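Chemist: any chance you could fold what I've pasted below:
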Amino acid sequence: MATNDLCTPEGARRLKERIEAYWSERGYDVSVDLVDAGFMPAMRSARTDVRSNLVNGLPRPANDRASERRSA
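Modeler: Presented below is the predicted three-dimensional model:
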């Protein structure tokens, strides 16, 4: 298996860990989830999606995170 295949369960898990570690080192709590997308005919294989609460690749502003905690 190729180490750069980020759609496999193992590759997606490695990417999730890298994203979380990167933002944690910078003081952000970023939520990253792995979603099994199942078999994709175009890829001719199964796919695992990496989804996060990042907006345009960046953590949400502090005031957005504070309002999210109040509504939970």
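Chemist: ok, residues contacting stretch 24-39?
Modeler: 9, 12-13, 16, 19-20, 23, 45-54, 59, 65 (C-beta atoms under 8 Å, 6 or more residues apart in numbering). In this view, the C-beta of every residue, glycine as well, is placed from N, C-alpha and C.
Chemist: gap between P9 and V35?
Modeler: 11 Å (C-beta to C-beta, to the nearest Å).
Chemist: so what sits against both of these two?
Modeler: T48.
Chemist: where does the chain dip in pLDDT?
Modeler: By pLDDT under 70, the weakly predicted segments of the chain are 1-4, 62-72.
Chemist: show me where it has strands.
Modeler: For the chain, the strands defined by DSSP state E cover 32-40, 45-52.
Chemist: quick one, which of these is packed in tightest?
Modeler: Stretch with highest mean neighbour count among the strands of the chain: strand 45-52 (a mean of 14; mean count of other C-beta atoms under 10 Å).
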